[in-house]
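Novice: show me the folded form of this:
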Amino acid sequence: MELPQYDVPHTARVYDYYLGGKSHYASDRAAGDAVLRVWPGARAAARVNRQFMHRAVRYLGERGIRQFLDIGTGIPTEPNLHQVAQSVAPDSRVVYVDKDRLVLTYSDALIRSAPEGRTRYVEADVARDHERIIREAFEVLDPAEPVALSLVALLHFVPDEQGAREVVRALLDALPAGSALVLSHGTHDFDAEVMLRVEAIYRQGGMAAQSRSRAEVLAFFDGLELAEPGVVPPHRWRPDADTTRGAADGDLAPLVSMWAAVGHKP
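Specialist: Sure thing, here's the model as predicted:
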């Protein structure tokens with residue numbers, strides 16, 4: 001097995017650093033600190049993004065979706081997606097996908113399913129392996145039943161030259177009617193200068209990065225029916241009692257610099 005490069009920053013470990021986790025190294029902290037110096041909201045963005053995922057999964061589970069395909073899983077942070085889904089419906093099935101060998105080392109935490117449900121981890125790159133992702137996912141998921149496709153904080157690491165829109169369309173086309181897309185994405189709409197500097201820091205560390213406008217994020221939902229309240233900053237998407245304190249008044253929007261939404265496939 002190829003060993004992780006600890007002297008090179010890694011998006012999953014940098015994200016773990018923002019969340020206050022322990023699965024990161026000096027190179028990741030250095031990259032994260034460089035980002036935080038120009039974008040102090042990075043930690044808040046990671047936190048409210050994670051909370052958005054929890055709420056979106058509960059929302060879909062309460063509406064009868066029992067299958068989830070989570071691409072760009074990252075390092076597990078409890079509660080993981082399957083724990084949220086199976087708290088609503090213990091028979092929920094979840095397939096996790098990530099391209100990085102680093103995440104494989106944590107995969108045991110991703111497959112501790114409730115007895116009634118099932119989970120699986122697939123190592124694959126969404127930009128190159130989406131056909132294999134669908135094929136292997138349907139070894140666990142029922143292709144005749146709705147699937148929630150989770151692309152949370154992923155696509156800003158898939159630039160246009162890697163065919164982000166085409167990949168999302170191919171994934172959605174493979175899913176049956178009644179499926180859903182859960183998506184969050186970094187944006188330059190609130191402060192273009194800061195986001196351009198953040199992108200440059202990631203690219204200098206060997207990590208692809210591309211923020212997108214609200215209109216560009218909305219385009220990922222072409223042909224889908226947006227759930228209320230549409231494309232909004234993640235802390236404004238159906239906030240609940242667990243949403244970060246102070247988020248409801250909107251003060252976090254420029255700090256967080258992200259869009260989030262859920263769409264249903266007719």
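Novice: from here on, just use CA atoms for contacts and neighbour counts.
Specialist: Noted.
Novice: tell me where the stretch 101-250 of the chain has helices.
Specialist: 101-104, 130-137, 164-173, 192-204, 214-219 (DSSP state H, counting those that start in this stretch).
Novice: gap between the fourth one and the chain center?
Specialist: This means helix 192-204. Relative to the chain's own centre, helix 192-204 is displaced by 20 Å; criterion: C-alpha atoms, centre = their mean, to the nearest Å.
Novice: so which bits of it are buried?
Specialist: Buried positions in helix 192-204, judged by neighbour count with 16 or more other C-alpha atoms under 10 Å: 194, 195, 198, 199, 200, 201, 202.
Novice: for the third one, give its distance to residue 38.
Specialist: As defined by C-alpha to C-alpha, to the nearest Å, residue 198 lies at a distance of 7 Å from residue 38.
Novice: can you check the fifth one too?
Specialist: Computed as C-alpha to C-alpha, the residue 200 to residue 38 distance reads 11 Å.
Novice: so residue 95 is in which element?
Specialist: strand 93-98 (DSSP states H and E).
Novice: show me the shaky parts of the stretch 101-250 of the chain.
Specialist: 106-107, 109-110, 244-250 (pLDDT under 70).
Novice: now with 90?
Specialist: Under the criterion pLDDT under 90, the flagged ranges of the stretch 101-250 of the chain are 101-117, 202, 204-207, 240-250.
Novice: ok, the spatially most central residue of the chain - contacts?
Specialist: Residue closest to the average C-alpha location in the chain (C-alpha atoms, centre = their mean): residue 152, at 1.7 Å. With contact set as C-alpha atoms under 8 Å, 6 or more residues apart in numbering, residue 152 has these partners: 49, 53, 71, 72, 182, 183, 184, 185.
Novice: 7 Å instead, please
Specialist: 182, 183, 184 (C-alpha atoms under 7 Å, 6 or more residues apart in numbering).
Novice: same check, this time on residue 117
Specialist: 90, 91, 92, 93.
Novice: mind doing that once more with 10 Å?
Specialist: With contacts defined as C-alpha atoms under 10 Å, 6 or more residues apart in numbering, residue 117 is in contact with 66, 67, 82, 85, 86, 89, 90, 91, 92, 93, 94.
Novice: find the nearest non-adjacent residue to it, please.
Specialist: Distances taken as C-alpha to C-alpha, 6 or more residues apart in numbering put residue 91 closest to residue 117, at 3.9 Å, once the chain neighbours are dropped.
Novice: against residue 207, how distant is residue 31?
Specialist: Distance, residue 31 to residue 207, using C-alpha to C-alpha: 10 Å.
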